[in-house]
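Chemist: Provide a 3D model corresponding to the input given below.
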Amino acid sequence: METLPTPYPLKCSSPKTKVYLVFFSMVVCTAALFILQLKFFRPRGKDFYSYEVKDSKERAVALSKYRGKASLVVNVASACQYTDANYKGLQELQREFGPFHFNVLAFPCNQYGDSEPNSNREIEAFARGNYGATFPIFSKIKILGTEAEPAFRFLVESTKKEPKWNFWKYLVNPQGQVIKTWRPEEPVENIRQDVASMVTEIIKRKKEDL
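Modeler: Have a look, this model is predicted:
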């Protein structure tokens, strides 16, 4: 009786094919791990208070310390046509509503007309000495370009409103989302009512939680 030929194996035993399959499997696994890392393990700033910045002494500060409060985030400068009126107005708001439920958060920047060339120490001394500023003043940052401060980039991207000059203002709610913005030439009276309303709501909720 004639012996039938042995069927071909289901899996190819070629050494080249095996190498290719191993390499392909490694690529697929690496890609899958990369996607999982992006999705689950990479830290993402979901709100303004998720970020970390530096204070005037270059020490790390977690913005989460301001969560639960209202914040008016401002890019400040010492030698600008809007400096005097804005620093006075910002300190008025800080004195009236801060610091338990509200804070002005000042971020010096020298990208608008080179109007903030000073060092962090000089900036803080200027604001405290000339305007009695009691609100936090952080380290000088960049707002424009690839080196933009991530926390400030969040404000810009979430509102689609990039500062065109110094003293652009973003009102951030207790959850870290931007509620409203103002241009530098707008008087503090245009801001006070929105800040007052947010602070009143914060106080009301705290009383309800007691």
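Chemist: what separates the spatially most central residue of the chain from residue 75, distance-wise?
Modeler: Closest residue to the average C-alpha location of the chain: residue 151 at 1.7 Å, with Cα atoms, centre = their mean. Distance, residue 151 to residue 75, using Cβ to Cβ, to the nearest Å: 12 Å. (Glycine included, C-beta is placed from N, CA and C.)
Chemist: isn't the residue nearest to the centre of the chain right next to residue 51, touching?
Modeler: Yes: taking Cβ atoms under 8 Å as the definition, residue 151 is a contact partner of residue 51 at 3.8 Å.
Chemist: re the thing from before, could you say which helix or strand contains the residue nearest to the centre of the chain?
Modeler: helix 150-159 (DSSP states H and E).
Chemist: residue 108 bridge partners, please.
Modeler: As for beta bridges, residue 108 partners with residue 76 under DSSP bridges.
Chemist: does it touch residue 116 like I think?
Modeler: Yes: counting by Cβ under 8 Å, residue 108 does reach residue 116; the two are 4.9 Å apart.
Chemist: mutual contacts of the two, please.
Modeler: 76-78, 123, 140 (Cβ atoms under 8 Å, 6 or more residues apart in numbering).
Chemist: redo the residues you listed as CSV? Include distance to residue 191, neighbour count and pLDDT.
Modeler: Shown next, in CSV, are these (distance: Cβ to Cβ, whole Å; neighbours: other Cβ atoms under 10 Å; pLDDT from 0 to 100):
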residue, distance to residue 191, neighbour count, pLDDT
76, 15, 30, 98
77, 18, 29, 98
78, 21, 19, 98
123, 22, 23, 98
140, 24, 21, 98
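Chemist: for the chain, give me the ranges with low pLDDT.
Modeler: 1-45 (pLDDT under 70).
Chemist: which parts of this structure are strands?
Modeler: With DSSP state E as the criterion, the chain has strands at 52-54, 60-62, 70-76, 102-108, 169-172, 178-182.
Chemist: packing partners for the third one?
Modeler: Put plainly, it is strand 70-76. Packing partners of strand 70-76 (3 or more Cβ pairs under 8 Å, 6 or more residues apart in numbering; DSSP states H and E): helix 83-97, strand 102-108, helix 150-159, strand 169-172, helix 189-209.
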